[in-house]
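K.L.:
missing the sequence, but the structure's below:
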C-alpha cells in the first residue's frame, strides 16, 4: 500500500491497482470558510499536489461534504470526474441533488454498512463505513453526519486500512478500534475548537490517540488533518510532545508523511 498526503485530510491511497482519494481539498490558501452555527476558519496552506499532478482517481472516500476543510470548491470538481464516490447517506443525497455527482456514481453508507469496489484486472476491495461523532455529545444535529472508512479484501474480518474521519474519541470510534484489525490507521487529529463554543472539541487530540491505541492494533498510525487551518489547536509539534511521553509502543507506531511524497506502508494484506 502506498499513501501520498496531499494536505489536510486529502490522501491518495494506492492499493491493489486502485487509486483512492480521501476528502478532496485543492483550493489555494487564504480564504475563510463558513462551517455554520457561527463557526468558520481560514485555510493557511495549500495542497502539495495539484489535481493534474495527482493523476487518475478510481474512487473518492468522502467522510462528509458540508465542511470546506474536507470538501472545497476544487474538490467538488474532482468528485464530478470520479467513477465512484462513497460518502454518508445525507451527503450522497445533497451532492446528487446539487448536480455535483452523477447519482449513479455516488453510494451513501450508514455506519457499518459495506460496499465492494470491483473492476476488471484488479482485486476487489470491500469498503465499510465506520462511526464518527464530529463534536461533543448530542451535537450531531448541528455538526452533521460523518463516517470513516475501513478498506480491505472482501469477506475478511481484517481491513488493511482504516481512515477515522473527523471525529472525537467516542463510543463508535472505540468500537471500530475493537472490531477492526488494521495494518494502517489514518487518524484525523488537530483538537479542533472554535471561539464561539469555548472548550468543546470537534476532533481528536494526541491524548485521544494514546487512549485509542490501548485498543487499536494497527502496526502503523498516520496522523493527518492537524495543520494548515486556523481552527486546529494541536499541530505536529504538540502531538509529538504527547506521544513521546506515551507508554508502550504508541510513539514507535506513528509515521508522519511528507506532503506530496508517496510513502510505502508495507501493508501485507493488500
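P.N.:
Received it, and whenever you're ready, just let me know what you need. Source: prediction; values computed, not measured.
K.L.:
For stretch 37-57, which residues meet the burial criterion?
P.N.:
Within stretch 37-57, the residues scored as buried using 16 or more other C-beta atoms under 10 Å are 39, 40, 41, 43, 46, 47, 48, 49, 51, 54, 57. (Glycine included, C-beta is placed from N, CA and C.)
K.L.:
so of the residues you listed, which ones are in strands?
P.N.:
Among the buried residues of stretch 37-57, DSSP state E puts 39, 40, 41 in strands.
K.L.:
ok, and the closest non-adjacent residue to residue 205?
P.N.:
Leaving aside its chain neighbours, residue 205 sits nearest to residue 191 (4.1 Å; criterion: C-beta to C-beta, 6 or more residues apart in numbering).
K.L.:
again, but for residue 209
P.N.:
Per C-beta to C-beta, 6+ apart, closest to residue 209 is residue 187, 6.1 Å.
K.L.:
Any stretches of the stretch 51-200 of the chain with poor pLDDT?
P.N.:
157-158 (pLDDT under 70).
K.L.:
which residues in it form strands?
P.N.:
Using DSSP state E, counting those that start in this stretch, the strands found in the stretch 51-200 of the chain span residues 59-61, 85-88, 106-109, 114-117, 125-131, 147-152, 158-163, 181-188.
K.L.:
To residue 228, which of those lies closest?
P.N.:
Nearest of the strands of the stretch 51-200 of the chain to residue 228, taken as C-beta to C-beta: strand 181-188 at 12.5 Å.
K.L.:
Adjacent strands (with direction) for the closest one?
P.N.:
Paired neighbours of strand 181-188 in the sheet (DSSP bridges): strand 158-163 (parallel), strand 220-224 (parallel).
K.L.:
Same question for the first one: list its buried residues.
P.N.:
So the one you mean is strand 158-163. 159, 160, 161, 162, 163.
K.L.:
the inter-axis angle of that strand versus strand 125-131?
P.N.:
50 degrees (axes from the mean of the first three to the mean of the last three C-alpha atoms, to 10 degrees).
K.L.:
Now tell me what touches strand 158-163 from outside.
P.N.:
1, 11, 13, 15, 22, 61, 63, 128, 130, 148-153, 176, 180-186, 188, 218, 267, 269-270 (C-beta atoms under 8 Å, 6 or more residues apart in numbering).
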